[in-house]
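Colleague: Sequence and predicted structure below; questions after.
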Amino acid sequence: MQQLAASQTENPTMLMTITGKAKEQEEARHALRYVFDAIAYLSGQGLPLRRRKEDTGHFRRYLEKAAQRDGVLRKWLRRRDENHQTFTSPEVQKAIQRQLALAVTRSLAEEVSQAEYFAVIADETTDAAQKEQLSICLRFVGDSLQVEELFLGLYEAKSTTAEAIFLLIKDALIRLQLPPEKLRGQCYDGAANMAGAFTGKTCCQR
């Protein structure tokens with residue numbers, strides 16, 4: 001460390017480079033907080049982040065409004081015009097949305113894990129692209145002794161056999177660290193394959 005400090009003192013250019021990088025990293029963290037705040041707020045309100053023209057979308061407008069009172073953010077957003085990374089691309093927005101959704105789902109799943117028992121509600125549907133999807137909900141009694149339902153999400157079903165649907169539900173529960181032994185009820189509205197007297201029932205009893 002002493003040698004590094006000495007070399008930096010002897011080499012002003014290196015010191016300026018390191019200092020500049022540290023400042024840039026701090027500004028990036030500062031701007032990224034606004035990006036997360038914008039996406040969390042707009043997603044929570046059910047508002048689209050972008051429109052056909054990205055610059056007219058809610059996400060961009062939110063950041064521009066915040067930049068009016070924050071010089072660091074204003075400076076950071078100008079980097080976009082210079083083709084620098086600003087964490088505002090559609091790909092980054094989608095990645096952040098996925099992480100936020102996962103954090104919310106895990107937080108809600110924690111409530112389910114504290115319940116004595118829970119039930120699974122699954123419904124099979126077909127989307128506009130003709131792909132089979134399985135919606136999974138959990139039903140449980142919360143601390144207030146009120147029956148609550150938690151929507152886990154939509155999962156693409158590669159197959160609609162009872163075995164495949166069972167494995168899909170099992171995987172969702174394991175990923176959220178929900179103990180299968182607490183599962184005490186099952187409801188399959190549109191998933192007709194799971195309602196069979198033998199195939200579906202035996203598959204889920206395993």
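Modeller: Arrived safely.
Colleague: can you give me the mean pLDDT across the helix or strand harbouring residue 108?
Modeller: Element membership for residue 108, per DSSP states H and E: helix 90-114. Throughout helix 90-114, pLDDT has a mean value of 88.
Colleague: before we move on, what about stretch 25-45?
Modeller: For stretch 25-45, mean pLDDT rounds to 91.
Colleague: what does stretch 153-165 give?
Modeller: 83.
Colleague: mind listing what's buried in it?
Modeller: Residues 155, 157, 162, 164, 165 are the ones in stretch 153-165 that count as buried (16 or more other CB atoms under 10 Å). For the C-beta atoms, the positions are set from N, CA and C on the backbone; glycine is no exception.
Colleague: Mind checking which of those land in helices?
Modeller: 162, 164, 165 (DSSP state H).
Colleague: Need phi/psi at residue 137.
Modeller: phi -120, psi 150 (degrees, to the nearest 10).
Colleague: quick one: residue 184 is in a helix?
Modeller: No - applying DSSP: H, G, I helix; E, B strand; the rest coil, one finds residue 184 to be strand, outside a helix.
Colleague: Excluding covalently adjacent residues, which one is nearest to it?
Modeller: Leaving aside its chain neighbours, residue 184 sits nearest to residue 117 (4.1 Å; criterion: CB to CB, 6 or more residues apart in numbering).
Colleague: Isn't that neighbour up against residue 180?
Modeller: No - applying CB atoms under 8 Å, one finds residue 117 not in contact with residue 180, separated by 11.5 Å.
Colleague: ok, now how distant is residue 134 from residue 24?
Modeller: Computed as CB to CB, to the nearest Å, the residue 134 to residue 24 distance reads 45 Å.
Colleague: who has more neighbours, these two?
Modeller: For residue 134 versus residue 24, neighbours defined as other CB atoms under 10 Å are more numerous around residue 134 (24 against 13).
Colleague: Which SSE is immediately downstream of the helix holding residue 108?
Modeller: strand 118-126.
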